[in-house]
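J.: Generate a structure from the sequence data that follows.
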Amino acid sequence: MIIALFVVAFLFVTQTWLASLLAGGREAFGDDEVGNAFFTLVQAASTTGWMNAFFAVNVMAAGFANAMAAQAATSRLLYSMSRDGQLPSFLSKISSRKVPMAAILVVSALSLVLVLFFVGQIALISSLVNFGALFGFCLLHVSVVWYYVVRQKSKNYLLHLVVPTLGFLIIGYVLFNADALAKIGGLVWLAVGAVVFAVNVFRGRGVPELAEEPAND
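T.: This is a model prediction of the structure:
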């Protein structure tokens, strides 16, 4: 695993360096190019045939792999939440091969709808995804303080209070300056989640209890 991480880091740095050579002194990209700047450079530096071949290989190598990984992870999350009583029970049904088929089909249908709806709006969907991820990281920093400082009475204030607080402030600043439509979409999605949580609490489901492990300061 460590070797793989070093290989990925080396390839990323090499690719970024090669892209900077192709930039030809260009220092900035427009708002519609910033999410696909590397492809813009490839298009400018190659013929149509090489460009199409690069795009095709990139889609097969990265697009399919990333989509499958994201869909599998999301479907597993829905399956786990359904099994814990937080989502409708049909999402916890598995096939004969122990695959959460219902959750996979639901995620596939939602992905198809989103792809059709956000055609030509890659910047918006990227901002929306980033908003959700960054908001999750904000909650992660809050949970660190709550768990270690409030519940476990940890005295390691540097790691358990100062560091997560700084992380929360930095990520919060990025969120505050995110795209307006992304913030609206993210807040709507959070509202939907809050409604689902409220319904579960009203029905007596609440949050499933997890076994706690002793904290290591």
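J.: Stretch 77-87: which residues count as buried?
T.: By neighbour count on 16 or more other C-beta atoms under 10 Å, the buried set for stretch 77-87 is 78-82, 86-87. Where you see a C-beta, it was placed from the backbone N, CA and C, and this is true even at glycine.
J.: Take these and write them to TSV, including pLDDT.
T.: Below are the buried residues of stretch 77-87 laid out as TSV (pLDDT from 0 to 100):
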residue	pLDDT
L78	91
Y79	92
S80	90
M81	86
S82	89
Q86	83
L87	86
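J.: Need the max-distance pair from those residues.
T.: Across the buried residues of stretch 77-87, the longest distance by C-beta to C-beta is 11.0 Å; it joins Y79 and Q86.
J.: okay if I get the buried residues of stretch 77-87 as a markdown table plus distance to A4?
T.: Converted to a markdown table, the buried residues of stretch 77-87 look like this (distance: C-beta to C-beta, whole Å):
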| residue | distance to A4 |
| --- | --- |
| L78 | 28 |
| Y79 | 27 |
| S80 | 27 |
| M81 | 30 |
| S82 | 33 |
| Q86 | 34 |
| L87 | 34 |
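J.: Could you tell me which of the residues you listed belong to helices?
T.: 78-82 (DSSP state H).
J.: ok, so of those residues, who is nearest V129?
T.: The shortest gap between V129 and any of those belongs to L78, at 17.0 Å (C-beta to C-beta).
J.: What strand or helix carries the residue positioned nearest the centre of the chain?
T.: With distances taken as C-alpha atoms, centre = their mean, A133 lies nearest the centre of the chain, 4.6 Å away. In this assignment (DSSP states H and E), A133 forms part of helix 122-144.
J.: Tell me which helix or strand comes right after that helix.
T.: helix 157.
J.: So for that next one, mean pLDDT?
T.: Averaged across helix 157, pLDDT comes to 91.
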